[in-house]
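[1] Show me how the following folds:
(chains A and B)
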Amino acid sequence: MSSLQTAWAALSSGWTIAAAVGGVVWGIFGGALPGISPSIAMALLLPFTYGMEPISAIVLLAAVYVGAEYGGSIPAILIRTPGTNSAIATVLDGFEMNRRGRAGEALGISLVSGLVGGLFGLAVLVLFTEPLARVALAFTPAAYCSLGVLGLSVVASLGGKSLIKGLISAILGLMIATVGTDPVSGVPRFTFDYPDLLGGIRPILVMVGLFAVSELMVQVGEPPWAKANARDTRLKLPGWATWKRMAVPHGIGAVIGTVEGVTPGAGGTIAAVMSYNEARRWSKHPEEFGKGSVEGIAAPECANNVVTATALVPLLSLGIPGSNSAAILLGGFLIHGMQPGPLLFEKNAAVVYGLYGGLLIANVAMLLIGLVILTPCVWLVNRPKHYLIAFILALVATGVYSIEQSLFDVAIALMAGALGYAMRWLDIPFLPLVLGLVLGYLVESNYRRALVLSGGDHATFVQDPVSLALLLIAVVLAGASLIRELKTRAKPQEAAR
Amino acid sequence: MVRELVTGILALALAAAYFAAAGALPKSLLSDQVGADGVPKVLAVALGVLGAVQIVRAVARRGAGGTADDAPAHHLRAAGLLLIGAVYAGAAPYLGYLAATVALLLATAAYAAGAVSWRMAGVCAAGGVALWLVFAKVLGVSMPLGPVERLLG
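    As a prediction, the model looks like this:
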């Protein structure tokens, strides 16, 4: 079956459509709740995808990501609190429009800009992912091991403020991945005589704990967020004059969203903020920015929705998730026994093309659902926060238990939550840990396989040209990151003198 | 500064413990030349080096100021939520899913709000029943059975 036929089959499948629509609804609700990022909204659903068809499960998770980016703009516009990190730039002009009685217009601009961004990002995803994966098909075990090292170094270098903390996080992930039975000798490692640990620690438990449980631990000590005004909940789609004003900021958002999306560790927040700044620089009315500018909403909302698709390019082609949400999606693939990377197109092409089709449905569904979901969203945002914390914790516990009917798994997720809370406090990024966890097996098994093939000679990693190139890139990126960090730290000290 | 130093010390301590645990792994005749302990030991050494560098940097920057530490009360509240979850995991096999979930909802809501009311109890009871109906009855997940489930058949 050709790729187009597979995508069309996904488009016409009732389950895929239901997953896309359901994912968008869940994503909008999740994104609308301050503190619930797209990755947390996805992590909460992850346990429930176990029993689903692979295509439906992956489309569901990807659709949550799409919906959450729009959902995040709702509290940003209505209560000056970004529902997601990437909606931070939307607050500036969105809330100003709301103050001037134009909340419906701001929400409409956010919605259509998200649609434009999502569709553009999808086109980039379809065009670039498969060619990149074909290049990676020529990799030897040594090159695969080096690819894993490169992925870890890229995310550790770009994902946080400190290279050392990024690397510590990546090593923690690799350490967790070593728990369980050694794949070569069958020796149990770090299981402490718990039979439940013989099969290793499932990445899904760590992801749910890190993202969802740790967020609840933070939120329980935070004051309640503001209430939204229910009178402002009539969405107004932009007219022709507004569309013309949005053309340039959409172009800016599309370009920046593409670059930031395919760069591991960058993500939607940086894309949104950069797009806002560039839109102001290129605008004919820069004085309107910060006072309710149309461009000030269109550019960041377009950019962060471009990222929802382009962040999947390195995930699907190389197996390297570039953002927290892509890492959760990777968890969805692993649950169903699929390993994203070069071989995904060979072994599970139907799922990839189904995902493309599902993303198209999700983006169109977002426009339709966005028109009617505002009132229930405002109702949800206005619920007392303590009920939301309680119900989300119960949902986490139930979802994690449901995977294997194991309360031991619930305990593991809680421990991962404690780890996540400590990492937040210590300002250690999550993404390198998740990447180390999911790449741990790939890195170790290919490292050992390469050594078996070379008779134990470590030179194989630099004799293989692809492996050497990947390792060199990893070293250059880490070095550049270190220099940048040292320069950044030197500046405030000079200023202090 | 405190957080930077704590990060380094924790990394170093974890590296030492992990290296010791890796060294205690049993040897197998089936093993390759790397062995089950090979990669873990490399990771422990790498983490130890990073931890040491982090400590040196934190000490070197001790005069550069830094952000004020959070109030310990915030950490205690977070730990309290974790404790509620741990009690749930321990009690669910005895109480059953329905009663344990209602208790979890009520304890968490009361803890987060700092107060308890009859209305809250009602909302949490209704929520627990709704979750039980969805997961145990509609989705057919085999949930821990307790006195309430046995009574309901």
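[2] Could you give the number of residues near A:Gly186?
    Residues lying near A:Gly186 (other Cβ atoms under 10 Å in any protein chain shown) number 11. Where C-beta positions appear, they are placed from N, C-alpha and C, glycine not excepted.
[3] Now do it against A:Leu334, distance only.
    Per Cβ to Cβ, to the nearest Å, A:Gly186 is found 22 Å from A:Leu334.
[4] likewise A:Gly253?
    Distance, A:Gly253 to A:Leu334, by Cβ to Cβ: 32 Å.
[5] One more: A:Ser481?
    Taken as Cβ to Cβ, the span from A:Ser481 to A:Leu334 is 28 Å.
[6] ok, these two, which is more surrounded?
    A:Ser481 (22 against 17).
[7] quick one: the helix or strand containing the more buried one to chain centroid distance?
    Secondary structure from DSSP states H and E places A:Ser481 in helix A:465-496. Computed by Cα atoms, centre = their mean, to the nearest Å, the chain-centroid distance of helix A:465-496 equals 24 Å.
[8] In chain B, what helix or strand scores lowest on average pLDDT?
    Ranked by mean pLDDT, DSSP states H and E, the weakest helix or strand in chain B is helix B:147-152, scoring a mean of 81.
[9] From the contact counts, what lies against it?
    Using 3 or more Cβ pairs under 8 Å, 6 or more residues apart in numbering or on different chains; DSSP states H and E as the contact definition, the elements that helix B:147-152 packs against are helix B:97-113.
[10] Packing partners of the helix or strand following the helix it packs on?
    Per DSSP H and E, helix B:97-113 leads on to helix B:118-132 as the next helix or strand towards the C-terminus. If contacts are counted by 3+ Cβ pairs under 8 Å, 6+ apart, helix B:118-132 sits against helix A:385-404, helix B:97-113.
[11] Quick test: name the residue nearest the centre of chain A.
    Residue closest to the average C-alpha location in chain A (Cα atoms, centre = their mean): A:Ser325, at 1.8 Å.
[12] Just give me how far the helix or strand that contains it sits from the chain centre.
    Taking DSSP H and E as the criterion, A:Ser325 maps to helix A:324-335. Centroid separation for helix A:324-335 versus its chain: 9 Å, with Cα atoms, centre = their mean.
[13] try stretch A:268-288
    23 Å.
[14] Stretch A:379-390 too?
    Worked out by Cα atoms, centre = their mean, stretch A:379-390 lies 24 Å from the chain centre.
[15] Could you list the low-confidence segments of chain B?
    B:63-70, B:153 (pLDDT under 70).
[16] Contacts only, for the residue positioned nearest the centre of chain B.
    Centroid-nearest residue in chain B: B:Leu82, 6.7 Å away (criterion: Cα atoms, centre = their mean). Taking Cβ atoms under 8 Å, 6 or more residues apart in numbering or on different chains, we find B:Leu82 in contact with A:213, A:217, A:414, A:417-418, A:421.
[17] which strands and helices sit next to the helix holding A:Ser325?
    By 3+ Cβ pairs under 8 Å, 6+ apart, helix A:324-335 packs against helix A:38-45, helix A:54-71, helix A:203-207, helix A:312-318, helix A:431-453.
[18] For chain B, which of these is the nearest?
    With Cβ to the nearest Cβ as the measure, helix A:431-453 is the member of the helices and strands packed on helix A:324-335 nearest chain B (4.9 Å).
[19] List the buried residues of the closest one.
    Within helix A:431-453, the residues that count as buried by 16 or more other Cβ atoms under 10 Å in any protein chain shown are A:431-451.
[20] Name the SS class of residue 76, please.
    Picking chain A for this. Three-state assignment for A:Ala76 (DSSP: H, G, I helix; E, B strand; the rest coil): helix.
[21] I was thinking of chain B, sorry if that wasn't clear
    Assigned by three-state DSSP, the conformation of B:Leu76 is helix.
[22] if I look at it, how far off is B:Leu82?
    Distance, B:Leu76 to B:Leu82, by Cβ to Cβ: 11 Å.
[23] Mutual contacts of the two, please.
    Joint contacts of B:Leu76 and B:Leu82 (Cβ under 8 Å, 6+ apart) do not exist.
[24] just for the stretch 201-350 of chain A, where's the confidence low?
    Ranges of the stretch 201-350 of chain A meeting pLDDT under 70: A:228-233, A:264-267.
[25] ok, which residues in it are in contact with chain B?
    Residues of the stretch 201-350 of chain A found near chain B (Cβ under 8 Å from any Cβ of the partner chain) are A:213, A:216-218, A:220-221.
[26] could you redo the last one with a cut-off of 7 Å?
    Within the stretch 201-350 of chain A, the positions adjacent to chain B are A:216-218, A:220-221 by Cβ under 7 Å from any Cβ of the partner chain.
[27] go on, the stretch 351-497 of chain A?
    Residues of the stretch 351-497 of chain A lying near chain B (Cβ under 7 Å from any Cβ): A:384-387, A:389-391, A:393-394, A:397-398, A:402, A:405, A:407, A:410-411, A:414, A:417-418, A:421, A:425-428, A:444, A:448, A:451-452, A:456, A:493.
[28] Show me which of those residues are buried.
    A:385-387, A:389-391, A:393-394, A:397-398, A:402, A:407, A:410-411, A:414, A:417-418, A:421, A:425-426, A:428, A:444, A:448, A:451.
[29] Which residue comes closest to B:Met143 once chain neighbours are left out?
    B:Tyr97 (3.6 Å; Cβ to Cβ, 6 or more residues apart in numbering or on different chains).
[30] Tell me which residues touch the one you found, please.
    B:132, B:136, B:143-144 (Cβ atoms under 7 Å, 6 or more residues apart in numbering or on different chains).
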